[in-house]
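1. Fold the following.
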Amino acid sequence: MSKAQDLKKVRDNNGLGIRTREFIIDNKEETIQSYYENILSAEEINKSVEEYRVNMDIVSKEFKERTKLQDKDIAFLTVATMLQCARIYLVNYFTKIEKAGSGNKKEAFLHEKQEKILGKFGFEENEHGRLYYAPLKQIVLGRGVPYDATAYFSENYKLFEGANHRFSTLGHDPLFGLIFGTTNILTNTITCNQKIVLKTNHVIYDENMKNPKISRYASTPKMFESVKDRIINEKEAVVAAVIKQLIHIGTDLYTPCGIQLPGASLILDKANVEKLTKYVSTGDVIKFGASAAIDCLINMIIRIVHSCKWLYEEDGDFSKELYEIRTRKIILYSNLFATSSNVIYTGLTGNMKDFDFAGFAITAYRLFSDTNFMDKIKYEFLNSQVSKVYEEKLGEDSLYY
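-> Residues are numbered from 1 along each chain as shown. Okay, here's the model as predicted:
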C-alpha cells in the first residue's frame, strides 16, 4: 500500500473527512492515489501520518482528563457503593431462610400483625361453625389455616403421599391460593390436586379451635357456593379471610420448604412441584424483584443528584456528554464493587441463597450498555476535536490539501 493510501485509510477509519481543493484531471485514467502522490512526497505523507497520530494522542489525553473521576465524584462513588452493599445485606437479611415455628422471627412478626389487624373485626361470641362454614370468630382468633392440617381424623386419604403438604394443597399457591386458600379458610376445608383432579376434604377442630384434622371428602362446587353466599352477606368475613391468606403465605415464603411458583400445583404433580421449588421458589422471585428494584432506585437517585446543575460549572469547555460519562462511571463502578464483594462472600460461605442474582444481572447489563455509551462519546469527541485541529490548519494553509 502506498503512503497516500495509508494516509487516506487512517483518515477514513477515524471518520475524518478531507477537504480538498477542486481539481480537474485531464487524464481520465488518473486516480486519487496518483493525485496525492503527485502533490505529496513520501516524506510529507509520513509527516502527515505522524502529525495525525500526535494530534489523536493529545485529544485522547484530553478526553481521559475530562472524564476521569474528580474528588466529588469519588465521594458519590463511596456513597453509592455503600448503598449497594447495604441493599445486598438487608435483602439477604429479610429473606433469610428460617425454620417454621416459634423461633422464626418473620413468622412471629407477621402473626403479631395478623392479630392486630384481625382484632379490629367484630364477631359474635356464641357463633359456631358448621359444614362449609367457618365463623368469623374462628377466622379472627385462630392462628392457623385449615389447609395446613396434616393429621387425619380417622381414615388416611393419602393426600400428601410422596411430598410435603405445601405442594399438594392449592391454598399454598401464591396466586391461586387467593381463591382456594381464602375459600378453605371460610369453609374449614382443604383442597388438593390429585393427578389433575381437585379433591376437597372437611377439616374439623377441637372446642378451642385448635388441632385441625382432615375428615371426609367434601364437594368442591358446594364449597364455592357457600363462599358465594358469604361474599354477598358477610363481606367482613371474606376480607378477614383474604388478609389471613396473604399473611399465611408470607410466613411460609422463607422457610426451608418455601412456596412454589404460581400455578405449579395445578400443572405439575406434587413430587415435581417440590423438586422445582428447591431450585426456584416464589420467595426467590420476590427477592430478585425487590433487589432489582432497589438497585435501580439507588442508581437513579445517584444519577439525578450527581446531574444537578449546582454540582458543576457550565464554562466554555463544559460538555454534558462528558459529564454524563463520569456519572455513568460512578454508577457502574459502585455496582461492580458491590457485586464483586458479594461474589467473594458467597464463594467463602458456599451459600448460594446469599448470591445477589439481581445485582449481578444489572451489573452485567450496565457493563455492556455503559461501556458502549462511553465508547460512542469518545469516538465522537476524538473525531470532532481532531477535525477542529485540521480545520484551523486549513484556514491557515489551504495549500496542504
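2. What segments of this protein are helices?
-> Secondary structure of the chain by DSSP state H: the helices cover 3-13, 32-39, 42-67, 71-94, 105-118, 136-141, 177-187, 220-233, 235-252, 264-267, 270-279, 282-306, 320-349, 357-396.
3. chain center to the last one, what's the gap?
-> So that's helix 357-396. Using Cα atoms, centre = their mean, to the nearest Å, the distance from the centre of helix 357-396 to the centre of the chain it belongs to is 28 Å.
4. ok, how many other residues are close to Asp284?
-> Using other Cβ atoms under 10 Å as the criterion, Asp284 is surrounded by 19 other residues. C-beta: built from backbone N, CA, C; applies to glycine.
5. Now it: closest residue in space, sequence neighbours ignored.
-> On the basis of Cβ to Cβ, 6 or more residues apart in numbering, the spatially nearest residue to Asp284 that is not a chain neighbour turns out to be Gly258, at 7.8 Å.
6. what do you get for Val238?
-> Setting aside the residues directly before and after it, Val238 is nearest to Ile231 in space (Cβ to Cβ, 6+ apart), at 5.4 Å.
7. rewinding a little: out of the helices of the chain, which is closest to Glu161?
-> helix 270-279 (8.3 Å; Cβ to Cβ).
8. helices or strands up against the closest one?
-> For helix 270-279, the elements it packs on are helix 264-267, judged by 3 or more Cβ pairs under 8 Å, 6 or more residues apart in numbering; DSSP states H and E.
9. need the contact list for the residue nearest the centre of the chain.
-> Residue closest to the mean C-alpha point of the chain, counted by Cα atoms, centre = their mean, is Ala292 at 2.8 Å. Residues touching Ala292, when contacts are defined by Cβ atoms under 8 Å, 6 or more residues apart in numbering, comprise 358-359, 361-362.
10. Which pLDDT does the model give Glu37?
-> Glu37 is assigned a predicted lDDT (pLDDT) of 60.
11. now Lys120
-> 88.
12. And Ala237, by the same measure?
-> Here, the pLDDT recorded for Ala237 equals 94.
13. Any idea how many residues pack against the nearest residue to it once chain neighbours are set aside?
-> The spatially closest residue to Ala237, leaving aside those adjacent along the chain, is Leu136, at 4.7 Å (Cβ to Cβ, 6+ apart). Per other Cβ under 10 Å, the neighbour tally for Leu136 reads 21.
14. For Leu136, list the residues it contacts.
-> 121, 123-124, 127, 234, 236-237, 240.
15. Just the buried subset of the residues you listed, please.
-> By neighbour count, with 16 or more other Cβ atoms under 10 Å, the contacts of Leu136 hold 123, 234, 237, 240 as buried.
16. just these: which has the poorest pLDDT?
-> Scanning the buried ones among the contacts of Leu136 for pLDDT, the low point is Phe123. It has 82.
17. Name the nearest residue to Leu159, ignoring sequence neighbours.
-> Among residues not flanking Leu159 along the chain, Cys192 sits closest, at 4.8 Å (Cβ to Cβ, 6+ apart).
18. wait, isn't the one you found in contact with Lys199?
-> Yes: proximity of Cys192 to Lys199 meets the contact threshold set by Cβ atoms under 8 Å, at 5.4 Å.
19. the more surrounded of those two?
-> Neighbour comparison, Cys192 and Lys199: the larger count goes to Cys192, with 23 against 16 (by other Cβ under 10 Å).
20. that older thread, anything in contact with each of Cys192 and Lys199?
-> Leu159.
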